[in-house]
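# sequence first, then the predicted structure:
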Amino acid sequence: MSDSLIRAQIKDLLKKRNAVLLAHNYMRDEVQEIADITGDSLGLSIAASRTDAEVIVFCGVHFMAESASILSPDKTVLLPRQDAGCPMADMVTVAGLEELKKKHPGVPVVTYVNSSAEVKACSDICCTSANAIKVVRSLKEKELIFVPDRNLGRWVAQFIPEKRFIYWEGFCPSHERMTLRDVQQQKTQHPDALFVCHPESAPEVSAIADHVCSTSGMYEWCRASSAEKFIIGTEPGILYRLRQDNPEKEFILAASALICPNMKLTSLEDVLVSLQTMIPVVTVSQEIRAKARLALDRMLAIPRD
Ligand code: SF4
């Protein structure tokens, strides 16, 4: 079947099913192109919850579809590729987290949204890469457990030296594959470019960045900057919209190793088959949902700037 026929069938089925198609910023270009909404994982789940769609087709990875289901329990959430998981989210287990909590009684758990619903349910508050500093500052306690991304945790800790962080030693394999050498090579080749990276990057890489921010922050920062050339330190899916939104600017990927294989699994064919068959559905049990929702709501209650 040709690509244009697949696209036409997807559009028909989206209407027929009263479905909204979400694509994470790291998805393949053609998936982002056909999506109703593109964005970061939590932003997408919040946006979908505000629509009157009965079905959410989440082109992303498993924990993202779970978050959509937590925020929209009455909608059917489809994840076109059931095997699209997140290695970082899988690095923390409920049993391991409970053990750590026992060692540090009364210490609040701050959990990055890149985690399973079960882990969120064992947490006091969630955070995103965009609001993590604010979330940690909002805690009255002097100590906290930060789960699962050690790189995000250590990056946040620099801004809040008065608090003691207990880290879960998880990481995003895609961001950690970007080495200091990769970035230095790109900087030598493109001395006029600014380097911007995601806080999931290794500390020595973040340390030489002109700016460190979330994916949504990256769109905003590159758009507002007067620079014409940028070295981008995050998953290359972000280049699609950066280039579309800023045709006069140049974007160079810091390292080809940044590709996340899980984020590249979902094809247009997968989206079509999922809409035809209405599987795989991602659900979260009522008990887990209620607890995880509490951790998300505490985060959402923190006023934005
Ligand atoms: S880019 Fe990293 S954090 Fe995101 S899904 Fe892939 S492995 Fe997980």
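Looks like it arrived, so ask away.

# any idea how far the ligand is from residue 2?
30 Å (C-beta to the nearest ligand atom, to the nearest Å). Every C-beta, even on glycine, is put in place using the N, C-alpha and C of the backbone.

# please apply the same query to residue 144.
As judged by C-beta to the nearest ligand atom, residue 144 and the ligand stand 21 Å apart.

# give the contact list for that residue.
107, 108, 109, 110, 136, 163, 164, 165, 166 (C-beta atoms under 8 Å, 6 or more residues apart in numbering).

# the second one and residue 136 touch, don't they?
No: the pair residue 108 and residue 136 fails to qualify as a contact (C-beta atoms under 8 Å) at a distance of 9.5 Å.

# how about the residues of the stretch 201-305 of the chain that lie near the ligand?
Residues of the stretch 201-305 of the chain lying close to the ligand (C-beta under 6 Å from any ligand atom) are 235, 260, 262, 263.

# contacting residues around the second one?
It refers to residue 260. Applying C-beta under 8 Å, 6+ apart to residue 260 gives the contacts 26, 172, 174, 235.

# so which of the residues you listed belong to helices?
Here DSSP state H is the test, and the contacts of residue 260 give residue 174 as lying in helices.

# one step back: report the buried members of the contacts of residue 144.
By neighbour count, with 16 or more other C-beta atoms under 10 Å, those hold 107, 108, 109, 110, 136, 163, 165, 166 as buried.

# now render the contacts of residue 144 as a markdown table, adding distance to residue 243 and secondary structure.
Shown next, in a markdown table, are those (distance: C-beta to C-beta, whole Å; DSSP: H, G, I helix; E, B strand; the rest coil):
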| residue | distance to residue 243 | secondary structure |
| --- | --- | --- |
| 107 | 44 | coil |
| 108 | 41 | coil |
| 109 | 39 | strand |
| 110 | 34 | strand |
| 136 | 34 | helix |
| 163 | 39 | coil |
| 164 | 42 | strand |
| 165 | 36 | strand |
| 166 | 40 | strand |
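
# any idea which of the residues you listed is closest to the ligand?
Nearest to the ligand out of the contacts of residue 144 is residue 110 (C-beta to the nearest ligand atom; 16.6 Å).

# buried sites along stretch 20-29?
Using 16+ other C-beta under 10 Å as the test for burial, stretch 20-29 gives 20, 21, 22, 23, 24, 25, 26, 27, 28.

# any idea how far the fifth one is from residue 85?
Shown here: residue 24 relative to residue 85, a distance of 13 Å by C-beta to C-beta, to the nearest Å.

# overlap in contacts, those two.
Here residue 24 and residue 85 have residue 61 as joint contacts, going by C-beta under 8 Å, 6+ apart.

# now the stretch 101-250 of the chain, which segments are flagged as low pLDDT?
Of all residues in the stretch 101-250 of the chain, none has pLDDT under 70.

# just the closest residue of it to the ligand, please.
In the stretch 101-250 of the chain, the residue that lies nearest the ligand is residue 172 (3.3 Å; C-beta to the nearest ligand atom).

# what's the neighbour count on that residue?
Look at residue 172: counted by other C-beta atoms under 10 Å, it has 26 neighbours.

# rewinding a little: JSON lines please, covering the residues of the stretch 201-305 of the chain next to the ligand and showing secondary structure.
Formatted as JSON lines, these follow (DSSP: H, G, I helix; E, B strand; the rest coil):
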{"residue": "235", "secondary structure": "coil"}
{"residue": "260", "secondary structure": "coil"}
{"residue": "262", "secondary structure": "helix"}
{"residue": "263", "secondary structure": "helix"}
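
# farthest pair in those residues?
Pairwise distances across those peak at 10.0 Å for 235 and 262 (criterion: C-beta to C-beta).

# follow-up on the earlier one: the contacts of residue 260: which two are farthest apart?
26 and 172 (10.8 Å).

# which strand or helix spans residue 284?
Counting by DSSP states H and E, no helix or strand carries residue 284.

# and the pLDDT at it?
Per-residue pLDDT puts residue 284 at 98.

# I'd say it and residue 72 touch.
No: the pair residue 284 and residue 72 fails to qualify as a contact (C-beta under 8 Å) at a distance of 10.7 Å.
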